[in-house]
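Colleague: below are the sequence and a predicted model for it; my questions follow.
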Amino acid sequence: MNNACPLNFKRVDENISRITALFVSSLIILYLYTDNVYILIFLSLDFILKLFLNKEISPITMLSEYMKSFFKIKDKFVDGGAKRLAGFFGLSFVLLLLFTHIFHSMIISWSIALVFLSCSLMDAFFSYCIGCKIYFIIKKIYPNFMKEV
(Lines give C-alpha, C1' and ligand atoms only; values in the text may rest on other atoms or scores of the structure.)
Protein backbone atom coordinates (compact mmCIF):
# COMPACT_ATOMS: atom_id res chain seq x y z
CA MET A 1 0.00 0.00 0.00
CA ASN A 2 1.47 3.30 -1.09
CA ASN A 3 1.47 6.12 1.49
CA ALA A 4 0.40 8.60 -1.18
CA CYS A 5 -2.85 6.89 -2.13
CA PRO A 6 -6.09 8.32 -0.74
CA LEU A 7 -6.96 5.70 1.84
CA ASN A 8 -10.05 7.49 3.09
CA PHE A 9 -10.51 9.62 -0.06
CA LYS A 10 -10.32 12.87 1.92
CA ARG A 11 -7.34 14.99 1.03
CA VAL A 12 -5.75 17.74 3.12
CA ASP A 13 -3.02 20.21 2.30
CA GLU A 14 0.23 18.98 3.83
CA ASN A 15 1.69 22.49 3.84
CA ILE A 16 -1.14 23.75 6.06
CA SER A 17 -0.49 20.78 8.32
CA ARG A 18 3.23 21.55 8.50
CA ILE A 19 2.65 25.22 9.31
CA THR A 20 0.15 24.15 11.97
CA ALA A 21 2.74 21.76 13.43
CA LEU A 22 5.19 24.67 13.61
CA PHE A 23 2.66 26.80 15.53
CA VAL A 24 1.83 23.90 17.87
CA SER A 25 5.58 23.35 18.47
CA SER A 26 6.00 27.04 19.24
CA LEU A 27 3.17 26.93 21.75
CA ILE A 28 4.61 23.83 23.43
CA ILE A 29 8.00 25.57 23.70
CA LEU A 30 6.23 28.61 25.15
CA TYR A 31 4.46 26.35 27.66
CA LEU A 32 7.75 24.75 28.69
CA TYR A 33 9.28 28.20 29.13
CA THR A 34 6.39 29.87 31.00
CA ASP A 35 4.61 26.89 32.62
CA ASN A 36 1.34 28.63 31.69
CA VAL A 37 -1.54 26.13 31.74
CA TYR A 38 -3.71 28.40 29.55
CA ILE A 39 -1.50 27.54 26.58
CA LEU A 40 -2.47 23.89 27.02
CA ILE A 41 -6.14 24.80 27.38
CA PHE A 42 -5.95 26.83 24.15
CA LEU A 43 -4.23 23.95 22.33
CA SER A 44 -6.76 21.39 23.56
CA LEU A 45 -9.67 23.60 22.45
CA ASP A 46 -8.02 24.13 19.07
CA PHE A 47 -7.55 20.37 18.57
CA ILE A 48 -11.17 19.74 19.63
CA LEU A 49 -12.41 22.35 17.14
CA LYS A 50 -10.36 20.75 14.34
CA LEU A 51 -11.25 17.15 15.10
CA PHE A 52 -14.86 17.28 16.23
CA LEU A 53 -16.44 20.48 14.93
CA ASN A 54 -15.08 22.36 11.92
CA LYS A 55 -11.40 22.77 11.20
CA GLU A 56 -12.14 26.08 9.45
CA ILE A 57 -12.94 27.74 12.82
CA SER A 58 -9.72 26.61 14.46
CA PRO A 59 -7.55 29.67 15.21
CA ILE A 60 -4.31 27.85 14.44
CA THR A 61 -5.70 26.51 11.14
CA MET A 62 -6.88 30.00 10.16
CA LEU A 63 -3.46 31.42 10.96
CA SER A 64 -1.76 28.60 9.02
CA GLU A 65 -3.96 29.21 5.98
CA TYR A 66 -3.15 32.92 6.14
CA MET A 67 0.60 32.22 6.36
CA LYS A 68 0.37 29.81 3.42
CA SER A 69 -1.34 32.40 1.25
CA PHE A 70 0.96 35.21 2.46
CA PHE A 71 4.08 33.26 1.47
CA LYS A 72 2.36 31.91 -1.68
CA ILE A 73 3.07 28.27 -0.85
CA LYS A 74 1.66 25.79 -3.36
CA ASP A 75 -0.83 23.08 -2.45
CA LYS A 76 0.42 19.58 -1.70
CA PHE A 77 -2.37 17.17 -0.87
CA VAL A 78 -2.01 14.03 1.27
CA ASP A 79 -4.39 11.51 2.81
CA GLY A 80 -6.70 13.18 5.31
CA GLY A 81 -7.19 10.09 7.47
CA ALA A 82 -3.52 9.96 8.36
CA LYS A 83 -3.45 13.62 9.39
CA ARG A 84 -6.68 13.14 11.33
CA LEU A 85 -5.16 10.28 13.34
CA ALA A 86 -2.10 12.46 13.95
CA GLY A 87 -4.51 15.12 15.25
CA PHE A 88 -5.99 12.61 17.70
CA PHE A 89 -2.46 11.82 18.89
CA GLY A 90 -1.81 15.55 19.27
CA LEU A 91 -4.97 16.01 21.33
CA SER A 92 -3.95 13.04 23.49
CA PHE A 93 -0.53 14.58 24.11
CA VAL A 94 -2.05 17.94 25.06
CA LEU A 95 -4.58 16.32 27.41
CA LEU A 96 -1.79 14.29 29.03
CA LEU A 97 0.22 17.48 29.46
CA LEU A 98 -2.79 19.20 31.00
CA PHE A 99 -3.37 16.27 33.36
CA THR A 100 0.27 16.12 34.47
CA HIS A 101 0.38 19.89 34.91
CA ILE A 102 -2.69 19.84 37.15
CA PHE A 103 -1.13 17.12 39.32
CA HIS A 104 2.29 18.85 39.37
CA SER A 105 4.11 15.90 37.77
CA MET A 106 6.72 18.07 36.14
CA ILE A 107 9.19 15.34 35.16
CA ILE A 108 6.43 13.38 33.42
CA SER A 109 5.05 16.58 31.91
CA TRP A 110 8.45 17.56 30.49
CA SER A 111 8.94 14.04 29.11
CA ILE A 112 5.56 14.09 27.36
CA ALA A 113 6.18 17.61 26.07
CA LEU A 114 9.57 16.66 24.63
CA VAL A 115 8.15 13.62 22.81
CA PHE A 116 5.25 15.70 21.48
CA LEU A 117 7.63 18.50 20.51
CA SER A 118 9.91 16.05 18.69
CA CYS A 119 7.01 14.60 16.70
CA SER A 120 5.64 18.03 15.87
CA LEU A 121 9.01 19.46 14.80
CA MET A 122 9.75 16.42 12.61
CA ASP A 123 6.45 17.05 10.83
CA ALA A 124 7.06 20.79 10.52
CA PHE A 125 10.65 20.67 9.26
CA PHE A 126 11.08 17.26 7.63
CA SER A 127 7.49 16.39 6.64
CA TYR A 128 7.86 13.20 8.68
CA CYS A 129 4.59 12.54 10.50
CA ILE A 130 4.80 9.78 13.13
CA GLY A 131 0.99 9.64 13.46
CA CYS A 132 0.70 9.21 9.69
CA LYS A 133 3.20 6.34 9.69
CA ILE A 134 1.21 4.62 12.45
CA TYR A 135 -1.98 5.19 10.42
CA PHE A 136 -0.56 3.45 7.35
CA ILE A 137 0.60 0.48 9.44
CA ILE A 138 -2.87 0.15 11.00
CA LYS A 139 -4.53 0.44 7.56
CA LYS A 140 -2.45 -2.50 6.32
CA ILE A 141 -3.62 -4.63 9.25
CA TYR A 142 -7.20 -3.30 9.48
CA PRO A 143 -8.32 -1.79 6.15
CA ASN A 144 -11.60 -0.36 7.54
CA PHE A 145 -9.81 1.67 10.24
CA MET A 146 -11.24 5.22 10.49
CA LYS A 147 -13.42 4.69 7.43
CA GLU A 148 -16.41 6.50 8.94
CA VAL A 149 -14.35 9.22 10.63
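Modeller: Ah, there it is.

Colleague: now do the contacts for residue 95.
Modeller: residue 44 (Cβ atoms under 8 Å, 6 or more residues apart in numbering). In this view, the C-beta of every residue, glycine as well, is placed from N, C-alpha and C.

Colleague: what of residue 51?
Modeller: Taking Cβ under 8 Å, 6+ apart, one finds 84, 87, 88, 91 in contact with residue 51.

Colleague: inside helices: which ones of those residues?
Modeller: Mapping these onto helices (DSSP state H) picks out 84, 87, 88, 91.

Colleague: neighbour count added to these, as TSV?
Modeller: Listed next are the ones in helices among the contacts of residue 51 as TSV, based on neighbours: other Cβ atoms under 10 Å:
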residue	neighbour count
84	20
87	19
88	15
91	18
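
Colleague: and these as JSON lines, adding distance to residue 20 and pLDDT?
Modeller: Listed next are the ones in helices among the contacts of residue 51 as JSON lines, based on distance: Cβ to Cβ, whole Å; pLDDT from 0 to 100:
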{"residue": "84", "distance to residue 20": "13", "pLDDT": "86"}
{"residue": "87", "distance to residue 20": "9", "pLDDT": "90"}
{"residue": "88", "distance to residue 20": "14", "pLDDT": "90"}
{"residue": "91", "distance to residue 20": "13", "pLDDT": "95"}
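
Colleague: having no further points to raise, I will conclude here.
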